[in-house]
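1. no sequence on this one, just coordinates:
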């Protein structure tokens, strides 16, 4: 499953009805069937683990003040060897996040009607875990741990550096959209990485869970 074209980032939080629609869409996205044959080549994918949460012995850095608005261009996760172009996406006809096409399974989708990564609010990024034949950009995202680094290269040439503070694997039948995508602390610049997890349910044509990685801005670079 996946990730998110509209070239306008507003740098604001999604609020009111728009936020409710998005959360409903994300829930639907987590339940949606994948495009492809039923007998997937890879079988179980990333996220076949209990929710990692935040280990009590991990000391996390303080948050950095939010940056201004600037479009994201590339997502880097050094610990996983990920350097992925970012494409702006919106919602599909069902109100779910519209991921990059499977032909761009190495790209990460950013929800362009929400916050830009590094600006105040929660920026949402979605990536495919696999295709019918091979791993995709977020195949190893569920192995991230609190304290790990995520970097977003922005159009203003600043690099927003985020620290992972929580990793959740949310079962499809116990999915709480506000828990998954709502802000963790007011006034921070936050980031969510979202992909499929658990195992592939061939009867339902969908994965059994979503992996949600939560991170917050802790520094900048060039």
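-> Perfect, I can see it now. If you're wondering where the values come from, they're calculated on a predicted model, not measured in any experiment.
2. Is it correct that residue 150 falls within a helix?
-> No. Assessed with DSSP: H, G, I helix; E, B strand; the rest coil, residue 150 is strand; it does not lie in a helix.
3. Name the nearest residue to it, sequence neighbours excluded.
-> Spatial nearest neighbour of residue 150, excluding adjacent residues (CB to CB, 6 or more residues apart in numbering): residue 162 at 4.4 Å. Glycine gets a C-beta too; all of them are placed from N, C-alpha and C.
4. Tell me which helix or strand that neighbour sits in.
-> Using DSSP states H and E, residue 162 maps to strand 159-171.
5. Let me see the ranges of the helices in this protein.
-> All helices of the chain, identified by DSSP state H, fall at 16-31, 177-181.
6. tell me, which of the ones you listed is the model least confident about?
-> In terms of average pLDDT, helix 16-31 trails the rest of the helices of the chain, at a mean of 44.
7. For this protein, give me the ranges with low pLDDT.
-> By pLDDT under 70, the weakly predicted segments of the chain are 1-56, 96, 175.
8. Go again with 50.
-> Applying pLDDT under 50 to the chain picks out residues 2-21, 23-24, 27-51.
9. So which residue is dead centre in the protein?
-> When CA atoms, centre = their mean is applied to the chain, the residue found nearest the centroid is residue 193 (2.0 Å).
10. how near is the closest residue to that one other than its chain neighbours to residue 97?
-> Once flanking residues are discounted, residue 193 sits nearest to residue 213: 4.1 Å by CB to CB, 6+ apart. Distance, residue 213 to residue 97, using CB to CB, to the nearest Å: 15 Å.
11. now swap in residue 144 and tell me
-> Per CB to CB, residue 144 is found 20 Å from residue 97.
12. Please say which of these two ends up with more neighbours.
-> Ranked by neighbour count (other CB atoms under 10 Å), residue 144 and residue 97 place residue 97 first, with 26 against 22.
13. Is it correct that that one is in contact with residue 88?
-> No. The criterion here is CB atoms under 8 Å, and residue 97 misses it with residue 88 at 11.6 Å.
14. how much space is there between the closest residue to residue 86 other than its chain neighbours and residue 170?
-> Once flanking residues are discounted, residue 86 sits nearest to residue 72: 4.4 Å by CB to CB, 6+ apart. Using CB to CB, residue 72 is found at 24 Å from residue 170.
15. repeat for residue 158
-> 32 Å.
16. swap in residue 218?
-> For residue 218 relative to residue 170 (CB to CB), the value is 24 Å.
17. on that earlier part again, neighbouring strands of the strand holding residue 162 in the sheet, and parallel or not?
-> The pairing partners recorded for strand 159-171 under DSSP bridges are strand 149-154 (antiparallel), strand 206-221 (antiparallel).
18. contact partners of the first one?
-> I take that to be strand 149-154. Here strand 149-154 makes contact (CB atoms under 8 Å, 6 or more residues apart in numbering) with 67, 70-79, 86, 116-118, 123, 144, 159-164, 191, 193, 213, 215, 221.
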